[in-house]
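This is the structure alone, sequence omitted:
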DNA sequence: GATATTTTATTAGCCAGCTAATCAAAGCAT
DNA sequence: ATGCTTTGATTAGCTGGCTAATAAAATATC
């Protein structure tokens, strides 16, 4: 098996290209890739702590912390007191943070369409089935 | 379609997890992820210019330049004169750079095995077929 | 030949991830 | 109550990508 045909090689290439696509499209609306994923979580569950975001997004607390900086600067989220633990704060959406939801979700649909433009419905379904099976013991 | 089930979302998650796996495994042998991809190209074609690496790896010249710094520091490659153009240099493998090939390729096989451990042969073949079809107009 | 444009490499600086180290709060132990 | 350990947030600094701006060489144009 030549290296270029391993799943790992193809995944690495597709992954970086895809990330670039996300960044490009996100930039059009003044956001960054990582910020979008945080927003996804907060739209599902507002008021999470950083440690919660960290575990739900499978990224380190350090990365969460840095990413939140941008969202705070843009006034999309605010920190609020966490009742039972003075170490943590709740990360809460602002009105602006709730308002951009529709916009970002529509952007995401665009991104997905662009990424999967070369696939049939069946192929797309296959990928949705197979991608979660990768790196089971890693995740 | 919920965002979490879009191909883009799944690809983003799999991509970052996979990249982390590569970095972890590469670190065991004193390398970094990006450096391995440069080595792959040089093992195929030694003496490429940075611009050639850039186009073959689909990364910017700036990224190539930075990545080569690490390989030069580790004495895996050297810069040599490029005959017909004083702007460029040939990036050439050292003996050490050639010697690590077997080792790195074996590591890559390990990485691929680890990434695809949860897949059947058929599923793996399907992924090899589908991943290159993603983002056709982007790449 | 002189000038303007393109190409290659390089640098600075950004965000997304990471690790390692720190610090404060919380929990648990004795 | 004292002290140890764990947990959550933060900071510094690294690589992997990127863009934008330079500088130098090559090329094209006049």
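Thanks, I have the structure now. Because the structure is predicted, anything quoted here is derived from the model rather than measured.

Nearest residue to the residue most central in space within chain A in space, ignoring adjacent ones along the chain?
Taking Cα atoms, centre = their mean, the centroid of chain A lies closest to residue A:37, which sits 2.4 Å from it. Once flanking residues are discounted, residue A:37 sits nearest to residue A:57: 5.7 Å by Cβ to Cβ, 6 or more residues apart in numbering or on different chains. Every residue, glycine included, has its C-beta placed from N, CA and C.

right, and that neighbour touches residue A:64 too?
Yes. Applying Cβ atoms under 8 Å, one finds residue A:57 in contact with residue A:64, separated by 7.2 Å.

Show residues contacting the lengthiest helix in chain A.
Scanning chain A for the longest helix, with DSSP state H as the assignment, gives helix A:7-27. The contact list for helix A:7-27 (Cβ atoms under 8 Å, 6 or more residues apart in numbering or on different chains) reads A:3-4, A:32-33, A:35-36, A:107, A:110-111, A:114-115, A:134, B:8, B:11-12, B:14-16, B:18-19, B:22, B:37, B:58-59, B:108, B:111-112, B:115-116, B:119, B:124, B:127-128, B:131-132, B:134-135, B:138-139.

coming back round to it: with neighbour numbers in mind, choose between residue A:57 and residue A:64.
More neighbours surround residue A:64 than the other of residue A:57 and residue A:64, with 23 against 18 (other Cβ atoms under 10 Å in any protein chain shown).

on contacts alone, who are the packing partners of the stretch of helix or strand the more buried one belongs to?
Per DSSP states H and E: residue A:64 is located in helix A:61-73. Judged by 3 or more Cβ pairs under 8 Å, 6 or more residues apart in numbering or on different chains; DSSP states H and E, helix A:61-73 is in contact with helix A:33-44, helix A:50-57, strand A:77-81.

can you do 7 Å?
Contacts defined by 3 or more Cβ pairs under 7 Å, 6 or more residues apart in numbering or on different chains; DSSP states H and E place helix A:61-73 against helix A:33-44, helix A:50-57.

Contacts for that helix next, please.
Applying Cβ atoms under 7 Å, 6 or more residues apart in numbering or on different chains, the contact partners of helix A:61-73 are A:32, A:34-35, A:38, A:50-51, A:53-54, A:77, A:91.

Separate out the buried members of those.
Neighbour counting with 16 or more other Cβ atoms under 10 Å in any protein chain shown marks A:32, A:34-35, A:38, A:50, A:53-54, A:77, A:91 as buried within the contacts of helix A:61-73.

Neighbours of residue A:86, how many?
If you count neighbours by other Cβ under 10 Å, residue A:86 ends up with 8.

How much space separates residue A:30 from residue A:68?
Distance, residue A:30 to residue A:68, using Cβ to Cβ, to the nearest Å: 16 Å.

So those two - more neighbours on which side?
Neighbours were counted for residue A:30 and for residue A:68 using other Cβ under 10 Å; residue A:68 has more, 20 against 11.

sorry, back to before: can you list the contacts of helix A:61-73 in a markdown table and add distance to residue B:95?
Formatted as a markdown table, these follow (distance: Cβ to Cβ, whole Å):
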| residue | distance to residue B:95 |
| --- | --- |
| A:32 | 43 |
| A:34 | 41 |
| A:35 | 46 |
| A:38 | 47 |
| A:50 | 48 |
| A:51 | 48 |
| A:53 | 48 |
| A:54 | 44 |
| A:77 | 54 |
| A:91 | 53 |
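
and these, which two are the farthest apart?
Greatest spatial distance among the contacts of helix A:61-73 (Cβ to Cβ): A:32 and A:51, at 21.5 Å.

And the residue of chain A closest to chain B?
The minimum distance from chain A to chain B, using Cβ to the nearest Cβ, falls at residue A:15 (2.7 Å).

Within range of DNA strand D, give me the residues from chain A.
With Cβ under 7 Å from any atom of the strand as the criterion, chain A meets DNA strand D at residues A:16, A:20, A:23, A:49-51, A:54, A:61-62, A:64-66, A:68, A:79, A:82, A:85, A:87-89.

Need the pLDDT of residue A:135.
Looking at residue A:135, its pLDDT stands at 77.
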